[in-house]
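K.L.:
Could you look at this predicted model? Sequence included:
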Amino acid sequence: MTIETIPARKGLRLRSLLGRRMARKAGRSSLSPATSAEHARARMDKAGRQLPMPKGVEVARTEVGGCDALAFAPENARKGVLIYLHGGGYSRGSALSHRALVARMAKAFGLNAVSVNYRMAPEHPCPAAIEDAVAAIEAVMETEKGPVILSGDSAGGGLALSATIRLRDAGKRIPDALYLLSPWTDLSMSGESLAAKAMRDPMLNPGYLGAGGELYLGGRPGTDPEASPLFAEMNGLPPTLIQVGSDEILLSDSTRLAEKLEAAGVPVDCEIWEGMWHDFQIFSPLIPEADWAIDRARVWVELQLA
């Protein structure tokens with residue numbers, strides 16, 4: 001296992017401060033339980049339409065495994081596919097809200113990509129999202145014989161892990177690699193960073209997490225391994241890259257996951273980005289650190305494809 005701290009670059013304080021301000025605004029407007037799920041979803045989709053898109057990537061609506069999705073086709077696409085599961089606390093977010101991020105990843109990795117709209121809480125608590133993710137992954141892998149990279153941020157990162165575990169337990173093909181961005185893996189909220197980083201994370205706070213977790217759990221305990229994959233067995237999972245900010249309340253969800261993966265013999269790299277917050281990659285290309293993180297992931301993906 002490699003847990004590596006990526007040091008902050010000098011001379012970028014102003015852009016980092018502006019990024020923090022945007023993250024704080026995004027958290028309050030879209031993740032706060034004071035905002036209804038309906039309004040939060042609309043706000044996140046609006047923000048997704050406004051983020052600049054990279055050139056050379058075609059985007060189209062599609063359907064995969066019974067789920068609505070967006071398909072991304074970069075000009076430099078090669079054999080293989082990237083499957084993406086969006087974040088948003090299991091009750092917010094969509095393929096549209098994360099469109100710019102997935103387009104940048106698809107272009108950087110040189111892979112066609114599909115971003116899945118799965119069922120969300122409170123209308124559909126756990127395990128509806130897992131069922132949709134598994135159906136979409138299986139549908140893609142039925143036709144895609146090349147490598148499959150599964151990725152997701154925040155709740156989508158936890159969902160990617162949960163779906164892979166379900167496929168493994170069923171004895172089915174699993175993705176060839178996992179790329180997890182600030183994954184939410186412990187809905188019991190037992191990580192020490194929840195308190196230690198509460199004053200540093202501009203986007204998330206324990207109250208936001210607690211309210212979203214209750215909606216998704218639907219009465220299940222927070223330690224249920226299906227909802228909180230940190231408590232599941234990790235053996236037999238694919239190589240995994242985790243990227244997380246040093247200033248986010250979910251830092252412990254990432255570091256504990258990396259430790260469990262290593263103990264199970266799974267190749268894992270965990271990058272802790274100094275001074276960064278939850279889901280900072282979403283702010284590409286507005287802050288340089290987001291672009292650098294995606295580029296480091298590109299190098300890691302190249303090794304997996306090789």
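P.N.:
Ah, there it is.
K.L.:
what's the closest non-adjacent residue to R99?
P.N.:
Once flanking residues are discounted, R99 sits nearest to G48: 5.1 Å by C-beta to C-beta, 6 or more residues apart in numbering. No exception for glycine: its C-beta is placed from N, CA and C like everyone else's.
K.L.:
Ok, T223 next?
P.N.:
Once chain neighbours are set aside, the closest to T223 by C-beta to C-beta, 6+ apart is S188, at 4.8 Å.
K.L.:
how near is the one you found to R298?
P.N.:
Using C-beta to C-beta, to the nearest Å, we find S188 at a distance of 34 Å from R298.
K.L.:
Name the spans of this structure whose pLDDT lies under the cut-off.
P.N.:
1, 10-15, 27, 29-30 (pLDDT under 70).
K.L.:
those strands in the protein, which residues are they?
P.N.:
2-6, 57-64, 67-74, 78-85, 111-116, 148-153, 177-181, 240-245, 268-273 (DSSP state E).
K.L.:
count of residues packed around the nearest residue to R78 once chain neighbours are set aside?
P.N.:
Excluding the flanking residues, the one nearest R78 by C-beta to C-beta, 6+ apart is G110, at 5.2 Å. Using other C-beta atoms under 10 Å, G110 has 18 neighbouring residues.
K.L.:
quick one: contacts for G110?
P.N.:
74, 76-78 (C-beta atoms under 8 Å, 6 or more residues apart in numbering).
K.L.:
For these, pick the one with the most neighbours.
P.N.:
P74 (23 neighbours).
K.L.:
Help me confirm that it comes into contact with M105.
P.N.:
No: in this structure, P74 is not within contact of M105 by C-beta atoms under 8 Å, at 9.5 Å.
K.L.:
Now do the same contact list for S16.
P.N.:
8, 275, 287, 289.
K.L.:
hmm, I was thinking of S94
P.N.:
Each residue near S94 by C-beta under 8 Å, 6+ apart is listed here: 41, 44-45, 48, 86, 88, 117.
K.L.:
Would you mind giving those as JSON lines with neighbour count and distance to P54 added?
P.N.:
Shown next, in JSON lines, are these (neighbours: other C-beta atoms under 10 Å; distance: C-beta to C-beta, whole Å):
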{"residue": "R41", "neighbour count": "20", "distance to P54": "24"}
{"residue": "M44", "neighbour count": "22", "distance to P54": "20"}
{"residue": "D45", "neighbour count": "18", "distance to P54": "19"}
{"residue": "G48", "neighbour count": "19", "distance to P54": "14"}
{"residue": "H86", "neighbour count": "29", "distance to P54": "18"}
{"residue": "G88", "neighbour count": "23", "distance to P54": "22"}
{"residue": "N117", "neighbour count": "20", "distance to P54": "21"}
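K.L.:
In helices only, show me those.
P.N.:
If you go by DSSP state H, the contacts of S94 have 41, 44-45, 48 in helices.
K.L.:
Which of those sits closest to A227?
P.N.:
A227 lies nearest to R41 out of the ones in helices among the contacts of S94, by C-beta to C-beta, at 20.9 Å.
K.L.:
Output the contacting helices and strands for the top helix by length along the chain.
P.N.:
Longest helix of the chain, by residue count under DSSP H: helix 288-305. Secondary-structure packing of helix 288-305 (3 or more C-beta pairs under 8 Å, 6 or more residues apart in numbering; DSSP states H and E): strand 2-6, helix 13-26, helix 99-109, strand 177-181, strand 240-245, strand 268-273.
K.L.:
which parts of the longest one are buried?
P.N.:
Within helix 13-26, the residues that count as buried by 16 or more other C-beta atoms under 10 Å are 16, 19-20, 22-23, 26.
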